[in-house]
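# this one's sequence-less:
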């Protein structure tokens, strides 16, 4: 009986079949991402409402000051002051992205990436002139080690991770092992 079960089993999919499935999955993923981005954008009506809420009250304040004082200068000053206050309130109420908040993983990644990229480029330049296989191997291992950290930091920066960071900006140096 076990021999019959083995012959009835479907053969595993071929490499081409697996690649086709992956391509289909990739296309579906991109379609879903695009659809989610489209829903994340506010509608024109919502944008108009936000703009009117931001600029409407300052204009009303300026009109009220003008009617009370019959002075265009005071009305303009009231408008400018009210606009500044409205913008300050709007900025305070809007969420700050994680990459702009010191201490988050995303912020630390954004601060570390330029230095890490500079070190990787330096090692790549150093590697070009090396003919000794031992030194070249050590540089290859160091570049691979640093590139893995760079890739991880780029993922963290792209994810806008707001969880607490490590408490420092920097990367792990290659210890030669």
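All right, it came through fine. All of these numbers come straight from a predicted model, not from anything done at the bench. Numbers count the residues shown, from 1 in each chain.

# how far away is the most centrally placed residue in the chain from residue 142?
By C-alpha atoms, centre = their mean, the chain has its centre lying nearest to residue 158, at 3.2 Å. Taking C-beta to C-beta, to the nearest Å as the measure, residue 158 falls 25 Å from residue 142. Heads up, the C-betas are built off the backbone N, CA and C, glycines and all.

# and residue 97, backbone torsions?
phi -60, psi 150 (degrees, to the nearest 10).

# With adjacent residues omitted, what lies nearest to it?
Nearest residue to residue 97, sequence neighbours excluded (C-beta to C-beta, 6 or more residues apart in numbering): residue 160, at 6.0 Å.

# Check residue 74 too.
residue 65 (5.3 Å).

# Tell me which other helices or strands the host helix or strand of that neighbour touches.
Using DSSP states H and E, residue 65 maps to helix 44-69. When contacts are defined as 3 or more C-beta pairs under 8 Å, 6 or more residues apart in numbering; DSSP states H and E, helix 44-69 sits against helix 72-93.

# For the helix or strand following the helix it packs on, buried residues please.
Using DSSP H and E, the next helix or strand after helix 72-93 towards the C-terminus is helix 105-128. Using 16 or more other C-beta atoms under 10 Å as the test for burial, helix 105-128 gives 105-113, 116, 119-120, 123.
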